[in-house]
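Q: here is my input; please provide its structure:
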Amino acid sequence: MTTKTMADRSDWGCDIHGRDIERRGVTRRGFMKGGALALIGTSTIPAFLSRSVLAEVTTAAASKKKLVVLFQRGAVDGLNLVVPYKEKNYYAMRPSIAIQEKDVLDLNGFFGLHPSMTAFKPLYDEGHLAIVQAAGSPDTTRSHFDAQDYMESGTPGVKATPDGWLNRALQAEMIPGRPSAFRAVALGTQVPRTLQGKLPAVAINNLADFSVGGRGPQTSPISNAFQAMYDESSDAVLHGTGQETFEAVKMLKSADPARYQPTAGAVYPNTPFGNSLKQIAQLMKANLGVEAAFSDIGGWDTHQNQGGVNGQLAGRLKEFADTIAAFWRDMGDDAENVTLVTMSEFGRTARQNGTGGTDHGHANVMFVLGGRVKGGKVYGRWPGLENDRLNEGRDLAVTTDFRRVLGEAAYKTLGAKNLEVVFPGAKVNSRDFLNFS
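A: Sure, this is the predicted structure:
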């Protein structure tokens with residue numbers, strides 16, 4: 001088992017807008033073994049517990065900023081997510097799948113959300129959700145495999161990159177003390193390309209049984225997997241603090257994660273994606289030292305029968321928005337320190353095809369959600385949908401490199417100041433940020 005692989009139109013411009021436990025005769029380890037962490041299975045953890053008992057289990061305390069990265073695999077149709085309903089050509093090119101102006105959830109008088117994404121509208125209106133239009137990769141591939149690889153490695157056009165951008169971002173972060181073995185977590189059976197690299201990362205398929213995956217599809221019980229990792233490693237990360245994390249994990253398991261109750265009335269869709277974000281929230285609130293978490297959701301490759309207001313895409317969008325909104329509500333006050341960013345390998349063609357779907361395109365839309373995000377705004381330069389402005393005469397053109405978005409999130413959330421390490425050759429620096437946070 002391996003855990004280490006673990007609108008540039010001037011008028012529309014898109015820039016429109018404690019207490020010491022040991023003094024009381026209870027050691028930290030004894031207190032943990034006495035069942036304190038059973039509180040993880042409930043809605044809240046007392047402040048004194050996070051400060052005094054768990055402070056040494058992880059270097060990432062409750063106030064530590066955290067980054068959640070979500071990948072929409074299959075190339076989502078960004079033009080029907082965030083609809084440019086004032087573009088006449090949008091309707092001309094999509095006679096049966098376009099979202100009519102009367103149906104969109106208006107954002108700023110030019111763009112509107114797909115009506116299935118009602119859960120996103122309050123997040124936008126409250127200033128927590130930012131949108132980046134016409135974002136994407138400078139590489140023009142239309143291959144799902146290559147495009148996903150390029151975005152996860154953070155090196156478009158370079159297939160030889162051995163690690164993922166998020167792993168490098170965590171390496172570029174300067175942190176004191178010993179980081180938690182749970183610093184980088186993916187929900188799934190294996191560590192995704194995004195998190196592969198020198199820094200140990202773990203893939204957790206299900207908190208209820210604590211299955212952990214490495215490079216392959218096989219899984220093994222977390223108790224055996226983590227114990228083996230500690231026994232075989234000479235890395236300080238996996239000893240000392242790491243051993244305390246192992247104890248915390250055992251306590252979390254004994255708390256029966258299946259009975260976890262989200263806070264603030266948050267209701268997650270009962271789907272794999274819904275369950276993955278619920279478990280990310282649970283891990284983060286358990287104070288196990290999670291700094292970066294990754295999950296993905298597929299089903300976006302809508303070549304046929306995509307639908308408009310209703311249909312295949314609409315159903316996927318509702319699950320997507322409802323899940324993220326539930327996660328935001330569930331995090332409660334901790335949401336102030338969370339930044340969530342979404343990405344997809346590329347967009348889809350501006351014109352619908354002959355089977356009521358869309359084919360592989362180029363630019364897309366990215367969402368950034370967070371307590372410190374300057375939301376309620378659509379960022380990026382909008383290139384327009386006139387025929388002469390389309391990429392290769394068929395796609396929305398890219399005006400914002402996706403690495404500028406991820407770079408800003410990594411810089412401001414994880415403290416990854418050396419972006420040349422994170423995105424080699426991209427020349428991303430703080431002067432180029434969109435300043436969405």
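Q: helices along the chain, start to end?
A: Secondary structure of the chain (DSSP state H): helices at 28-33, 47-48, 78-81, 88-93, 120-125, 144-153, 165-172, 222-232, 241-254, 272-285, 312-331, 402-409, 419-422.
Q: just those: most buried one?
A: helix 78-81 (a mean of 28; mean count of other C-beta atoms under 10 Å). For the C-beta atoms, the positions are set from N, CA and C on the backbone; glycine is no exception.
Q: state the mean pLDDT of that one.
A: Mean per-residue pLDDT for helix 78-81: 98.
Q: which residue, other than its chain neighbours, is closest to residue 95?
A: In space, and not counting its chain neighbours, residue 95 is closest to residue 352: 7.2 Å by C-beta to C-beta, 6 or more residues apart in numbering.
Q: spell out for me which residue occupies the centre of the chain.
A: residue 69 (1.9 Å; C-alpha atoms, centre = their mean).
Q: burial count for the residue nearest to that residue when sequence neighbours are not counted?
A: Counting by C-beta to C-beta, 6+ apart, residue 69 lies nearest to residue 294, which is 5.0 Å off, once chain neighbours are set aside. Residues lying near residue 294 (other C-beta atoms under 10 Å) number 26.
Q: so what's residue 294 bridging to?
A: residue 69, residue 186 (DSSP bridges).
Q: wait, it sits on residue 193?
A: No: counting by C-beta atoms under 8 Å, residue 294 stays clear of residue 193, with 9.8 Å between them.
Q: low-confidence ranges, this structure, go.
A: Residue ranges of the chain with pLDDT under 70: 1-63, 173-178, 209-256.
Q: quick one, what contacts residue 79?
A: Contacts for residue 79 were tallied using C-beta atoms under 8 Å, 6 or more residues apart in numbering; they are 90, 94, 347-348, 350, 396.
Q: out of those, which is most surrounded?
A: Neighbour tally across these (other C-beta under 10 Å): the maximum, 32 neighbours, falls on residue 348.
Q: distance check, that residue against residue 318.
A: Between residue 348 and residue 318 the computed distance is 19 Å (C-beta to C-beta, to the nearest Å).
Q: which residues touch residue 407?
A: Counting by C-beta under 8 Å, 6+ apart, residue 407 touches 419, 422-423, 426, 428, 432-433.
Q: kindly present those as TSV, with separate columns for distance to residue 152.
A: Output for the contacts of residue 407, formatted as TSV (distance: C-beta to C-beta, whole Å):
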residue	distance to residue 152
419	17
422	13
423	12
426	14
428	16
432	21
433	21
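Q: what's the closest of these to residue 287?
A: residue 422 (26.3 Å; C-beta to C-beta).
Q: show me the contacts for the closest one.
A: Residue 422 touches 154, 165, 168-169, 172, 407, 410, 416, 428, counting by C-beta under 8 Å, 6+ apart.
Q: coming back round to it: what sits against the residue nearest to residue 95?
A: Residue 352 neighbours (C-beta under 8 Å, 6+ apart): 93-97, 306, 358.
Q: same thing with residue 145?
A: Counted by C-beta under 8 Å, 6+ apart, residue 145 has zero contacts.
Q: ok, back up a step: just the buried ones out of the contacts of residue 407, please.
A: 419, 422-423, 426, 428, 432-433 (16 or more other C-beta atoms under 10 Å).
Q: so what's the residue count around residue 388?
A: Neighbour number of residue 388 under other C-beta under 10 Å is 6.
Q: how much space separates it from residue 156?
A: In terms of C-beta to C-beta, residue 388 sits 25 Å off from residue 156.
Q: cool, residue 87 as well?
A: With C-beta to C-beta as the criterion, residue 87 and residue 156 are 27 Å apart.
Q: ditto for residue 203
A: Taking C-beta to C-beta, one finds residue 203 at 25 Å from residue 156.
Q: quick check on the contacts of residue 352: which are buried?
A: Applying 16+ other C-beta under 10 Å to those flags 93-94, 97, 306, 358 as buried.
Q: how about TSV for those, with distance to residue 314 added?
A: Formatted as TSV, those follow (distance: C-beta to C-beta, whole Å):
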residue	distance to residue 314
93	19
94	14
97	10
306	9
358	14
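Q: can you name the two of the residues you listed that sit furthest apart?
A: Pairwise across those, and taking C-beta to C-beta, the largest span is found between 93 and 306, at 13.2 Å.
Q: next, count neighbours for residue 397.
A: The burial count for residue 397: 18, using other C-beta under 10 Å.
Q: thinking again about what came up before, what is the nearest of the buried ones among the contacts of residue 407 to residue 121?
A: residue 433 (25.8 Å).
Q: about what we covered before: residue 87 and residue 156 - which one has more neighbours?
A: residue 156 (23 against 20).
Q: the closest residue to the more buried one other than its chain neighbours: what's it in contact with?
A: Excluding the flanking residues, the one nearest residue 156 by C-beta to C-beta, 6+ apart is residue 139, at 3.8 Å. Shown in contact with residue 139 (C-beta under 8 Å, 6+ apart): 146-147, 150, 156-157.
Q: returning to that earlier point: now the helices of the chain as TSV including distance to residue 372?
A: Formatted as TSV, the helices of the chain follow (distance: least, C-beta to C-beta, whole Å):
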stretch	distance to residue 372
helix 28-33	31
helix 47-48	21
helix 78-81	23
helix 88-93	33
helix 120-125	14
helix 144-153	24
helix 165-172	17
helix 222-232	32
helix 241-254	27
helix 272-285	16
helix 312-331	13
helix 402-409	11
helix 419-422	19
